[in-house]
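Chemist: A predicted structure for the sequence below; I have some questions about it.
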Amino acid sequence: MKKLVAEFIGTFTLVLFGCGAAVIAGADIGLTGISFAFGLALIGMAYGIGPVSGCHINPAVSLGAVAAGRMTIAEAIRYIVAQFAGGIVAAAVLLMIASGKADYTVAENGLGQNGWGAGYLGEYNMTAAFVFEVVATFLFMVVILGATGKSAPASMAGLAIGLALVVIHLVGINVTGVSVNPARSFGPALFAGAHALSQVWLFFVAPVIGAVAAGLLFKSGTLDAD
């Protein structure tokens with residue numbers, strides 16, 4: 001149970017502060033600031049809850065760990081439930097905070113939801129969004145599995161993983177808002193309306209494909225140094 005509580009808290013933190021940076025402070029801190037908000041939230045949780053649960057805080061990462069042979073599917077399912085719960089509660093809390101500003105509306109200001117196409121940030125098409133999410137999640141999972149391998153320096157794992165998330169955001173915010181994490185996408189989409197929910201499937205499918213592909217490479221020994 002303590003692992004599930006840790007995964008809930010970690011995902012809650014990532015969504016609240018990452019999406020919160022975009023919704024509440026985006027005009028002041030810009031794309032770079034938002035990118036670091038996501039990465040620094042992950043770094044903090046990696047050292048805070050990593051010793052408890054491994055700090056997956058991402059359903060795609062948990063499934064990638066299954067593919068790599070580092071986790072059972074039964075445990076992954078429990079992690080995923082906790083992660084989605086954390087993301088949903090964080091989005092609800094963010095909505096309550098943001099709604100405290102008189103001129104805030106979800107329709108106008110959003111909730112940090114992911115998306116693509118006309119009217120969304122850089123207005124990249126669905127193909128670009130899908131390719132970015134697959135490739136970015138694949139590379140993110142490579143960093144995670146490599147940095148947490150037996151031969152890697154354990155004290156540096158959180159920093160390496162968090163910085164990888166920063167650079168992914170620096171490149172990808174204008175493309176999709178950056179998901180690489182189904183729980184991060186579902187929470188805000190649930191409150192952002194029908195259009196966001198209609199696009200959330202991509203942020204389930206593409207990250208899982210990328211993470212599982214990376215996990216299988218490590219499972220095959222192609223990338224695993226252990």
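Modeler: Nice, I can see it. Numbering: from 1, shown residues only.
Chemist: CA only for contacts and neighbour counts going forward, please
Modeler: Noted.
Chemist: pLDDT below threshold where in this structure?
Modeler: The chain contains residues with pLDDT under 70 at 224-226.
Chemist: repeat that for 90
Modeler: 1, 150-152, 154, 221-226 (pLDDT under 90).
Chemist: Centre-most residue in it?
Modeler: residue 181 (3.5 Å; C-alpha atoms, centre = their mean).
Chemist: So that residue is in contact with residue 202, correct?
Modeler: No. At 10.7 Å, residue 181 and residue 202 do not qualify as touching, with contact defined as C-alpha atoms under 8 Å.
Chemist: Now residue 149. Its backbone dihedrals?
Modeler: With angles defined as degrees, to the nearest 10, residue 149 sits at phi -70, psi 160.
Chemist: ok, how many other residues are close to it?
Modeler: Residues lying near residue 149 (other C-alpha atoms under 10 Å) number 16.
Chemist: Tell me how far it lies from residue 67.
Modeler: 15 Å (C-alpha to C-alpha, to the nearest Å).
Chemist: now the strands: where do they sit in the chain?
Modeler: Under the criterion DSSP state E, the chain contains no strands.
Chemist: As a check, name the ranges of all helices in this structure.
Modeler: 2-53, 59-67, 73-98, 106-109, 126-147, 157-176, 182-192, 194-199, 202-220 (DSSP state H).
Chemist: List the contacts of stretch 26-33.
Modeler: Residues outside stretch 26-33 that contact it (C-alpha atoms under 8 Å, 6 or more residues apart in numbering) are 21, 34, 170, 173.
Chemist: Can you add neighbour count and distance to residue 214 and give those back as a markdown table?
Modeler: Listed next are those as a markdown table, based on neighbours: other C-alpha atoms under 10 Å; distance: C-alpha to C-alpha, whole Å:
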| residue | neighbour count | distance to residue 214 |
| --- | --- | --- |
| 21 | 23 | 29 |
| 34 | 26 | 26 |
| 170 | 18 | 22 |
| 173 | 19 | 22 |
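Chemist: Which one of the residues you listed is nearest to residue 103?
Modeler: When the contacts of stretch 26-33 are compared for distance to residue 103 (C-alpha to C-alpha), residue 21 wins out at 17.4 Å.
Chemist: Contact partners for that closest one?
Modeler: 29, 33, 34, 37.
Chemist: Kindly provide the distance from it to residue 222.
Modeler: 38 Å.
Chemist: before we move on, what about residue 35?
Modeler: Counting by C-alpha to C-alpha, the gap from residue 35 to residue 222 is 31 Å.
Chemist: cool, and residue 140?
Modeler: 17 Å.
Chemist: Likewise for residue 96?
Modeler: Residue 96 sits 47 Å away from residue 222, taking C-alpha to C-alpha as the criterion.
Chemist: circling back: more crowded one of residue 35 and residue 222?
Modeler: Taking other C-alpha under 10 Å, residue 35 and residue 222 do not tie; residue 35 has more neighbours (26 against 10).
Chemist: Isn't residue 42 up against residue 12?
Modeler: No. Contact between residue 42 and residue 12 fails when scored by C-alpha under 8 Å: they sit 10.8 Å apart.
Chemist: Please convert the contacts of residue 21 to a markdown table, extending it with distance to residue 87.
Modeler: Formatted as a markdown table, those follow (distance: C-alpha to C-alpha, whole Å):
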| residue | distance to residue 87 |
| --- | --- |
| 29 | 23 |
| 33 | 21 |
| 34 | 17 |
| 37 | 16 |
